[in-house]
Structures are given as C-alpha cells and as structure tokens.
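S.K.: Predicted coordinates and the sequence they were generated for:
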Amino acid sequence: MALITTKAIVLSTLKYSDTSLIVKCFTEDQGLKSYLIRGILKAKKGGLKIAYFQPLTQLIIVASHSNKGTLNSIKEVQVSNPYKTIYRDIVKQSVVLFLSEVLTYAIKEEEKNRALFEYLETGLVWLDLHEKIANFHLLFLLNLTRFLGFYPDLSEQNKMGFDLLEGRFAEASAQKNNIHGNNFYQFKKLLGINFDAIENVSFSKQERQVVLKIIIQYFELHLDGFRKPKSLQILETVFS
C-alpha cells in the first residue's frame, strides 16, 4: 500500500457505522478516491477533525492508497486553501452544497486529471473572494463541461437555436432537446466567458432558474447515471 501526499477536494461524505465516515475526494495526483475515516465522529483529542471534510474543502492529504478496489485511508490532513467567506455566508454555503452534489455525480475519473483539478481549485477560490456570485454556479457548471468532454461547439453562432444532445448551434425547432427563443438567448450569454466576466451578465430570478434547468438537462444528456441534485430546490429558494 503506497503512501501518497496530494492535494484533494472533498466531494461528499457518507456516515459509516456510528463513528466513521466514508469521504469521496477528487485528488490532484490520482483522480477520484474514497477514504474510510474510522472514529472521526467520536469525540476525542487529536486525530482527524470532521471540519476538514465539509463540502468542497481544499486539502493536502497524506494517504494510503490501495490498488485492490478497497477503501483508502488518510493519515494526515491540512487545509490547503482556507476559505474566508464560504462557510460564513448562507448563499455561498448553498452554492457549494449544490456544486458538491453535481460534482459527485459528474466526476467518475479514477485517474489523474490535473487540468480539471486546477479548474475546481481556481473556481472555488474565486467564489470565496467575490461578492457578486448569483450567476457563479451557472458558469462554473457550463465551463466544467470543457473538462468532462462536452463543452458546446461555438461554431455556427448565426443559427437561432441550440441542440443540447449534439452540443452545438442548430436551427430553431420544436424538437425535444432544442432550445430557442428567449431560453436560447439567456443560455448563450454564458458561452465563451470566464469568471471575471460573470458580473456583467444579468439574469432575472426566473431567467436564472431557466438557465440552470437547461444546464442540468445538458448534463443529464451527456453523463451516464447523472441525477438531478436534491439540493437544486434549496439553491432556487436561496436565489429567489
């Protein structure tokens, strides 16, 4: 069993017995990994603290990685990018909870993908440092598709519709996966921009919800086994 030091981002936790947790992380060096952390829910001095494993916390871990398909274990942990605002701000907390759920369903890679890791790391730091974040989750998810292999094809932008199944611009039509009219116009606002441009994009509350539903549909069409996040309703409530 190899001892490895790597950066890691917490995707999800699952209670295991009365005292332990199974923690799923996306690591910089070895992709998706699950860890069994025994006794963490039992009050004791020293050892690993549950606060390290909040959704999307950025860590440096020393871990034993098994190659036999069994759960791995974490020996040491420290926070690599301590958030200043995320865990104090109810809106940002809701965004992070939602994104962690989406990422848990979306990331299946059990091998290194440093570009994806750096995107997650950079995006979360941006969220922590900025105040105008109402549209952040929309752009975060849309630009995430670059690293998952289905970012929209931006050629033929003169066409007045978008085919979600094909991932490209198309003529407007009444077909099930074709968006057009105002929905298409709102969705198109996000294409080809980065986080620093998001403050210049304006949506009404209703438009924001529509665009999010389009992006979730886009993920469902392109990722096997992707499920609509349970926290979607919480997020919609927070932004309404």
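M.R.: Yep, it's here.
S.K.: for this structure, what's the longest strand?
M.R.: Ranked by number of residues, the top strand in the chain under DSSP state E is strand 2-16.
S.K.: quick one: low-confidence ranges for the chain?
M.R.: 1, 43, 45-46, 69 (pLDDT under 70).
S.K.: all strands for it, in order.
M.R.: Counting by DSSP E, the strands of the chain are 2-16, 20-27, 31-37, 58-65, 73-79, 161-163, 168-170, 178-180.
S.K.: Tabulate the ones you listed (TSV), appending distance to F150 and mean neighbour count.
M.R.: Placement of C-beta: from N, CA and C, glycine included. Below are the strands of the chain laid out as TSV (distance: least, Cβ to Cβ, whole Å; neighbours: other Cβ atoms under 10 Å):
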stretch	distance to F150	mean neighbour count
strand 2-16	20	17
strand 20-27	18	21
strand 31-37	18	19
strand 58-65	26	18
strand 73-79	32	14
strand 161-163	12	21
strand 168-170	10	18
strand 178-180	15	19
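S.K.: Can you give me the buried ones in stretch 197-209?
M.R.: 198, 201, 203, 207-209 (16 or more other Cβ atoms under 10 Å).
S.K.: and the end-to-end length of it?
M.R.: Taking Cα to Cα, to the nearest Å, stretch 197-209 runs 20 Å from one end to the other.
S.K.: next one: that stretch to chain centre, how far?
M.R.: How far stretch 197-209 lies from its chain's middle: 19 Å, per Cα atoms, centre = their mean, to the nearest Å.
S.K.: Need the residues that contact it.
M.R.: Outside of stretch 197-209, the residues within contact range by Cβ atoms under 8 Å, 6 or more residues apart in numbering are 132, 134-136, 138-139, 182, 186, 189-190, 193, 211, 236, 239-240.
S.K.: Try it again at 6 Å.
M.R.: Residues from elsewhere that reach stretch 197-209 (Cβ atoms under 6 Å, 6 or more residues apart in numbering): 132, 135, 139, 186, 189, 236, 240.
S.K.: Distance to P152 for the strands of the chain - can I get that in CSV?
M.R.: CSV is the format used below for these (distance: least, Cβ to Cβ, whole Å):
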stretch, distance to P152
strand 2-16, 25
strand 20-27, 23
strand 31-37, 25
strand 58-65, 28
strand 73-79, 35
strand 161-163, 7
strand 168-170, 7
strand 178-180, 11
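S.K.: of these, which approaches V96 most closely?
M.R.: strand 2-16 (10.2 Å; Cβ to Cβ).
S.K.: Just checking: what are the partner strands of that closest one?
M.R.: Here strand 2-16 has these sheet partners by DSSP bridges: strand 20-27 (antiparallel), strand 58-65 (antiparallel).
S.K.: Identify the residues contacting the first one?
M.R.: Right, strand 20-27. In contact with strand 20-27 (Cβ under 6 Å, 6+ apart) are residues 6, 8-14, 16, 32-38, 40, 53, 107.
S.K.: didn't G123 look like it was pressed against F140?
M.R.: Yes: the pair G123 / F140 is scored as a contact, 5.3 Å apart, by Cβ atoms under 6 Å.
S.K.: Of those two, which one has the most company?
M.R.: F140 (24 against 20; other Cβ atoms under 10 Å).
S.K.: show me what contacts that one?
M.R.: Taking Cβ under 6 Å, 6+ apart as the test, what F140 contacts is G123.
S.K.: picking up where we left off before, got the strands paired with strand 2-16 as CSV, with distance to V96 columns?
M.R.: Below are the strands paired with strand 2-16 laid out as CSV (distance: least, Cβ to Cβ, whole Å):
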stretch, distance to V96
strand 20-27, 14
strand 58-65, 11
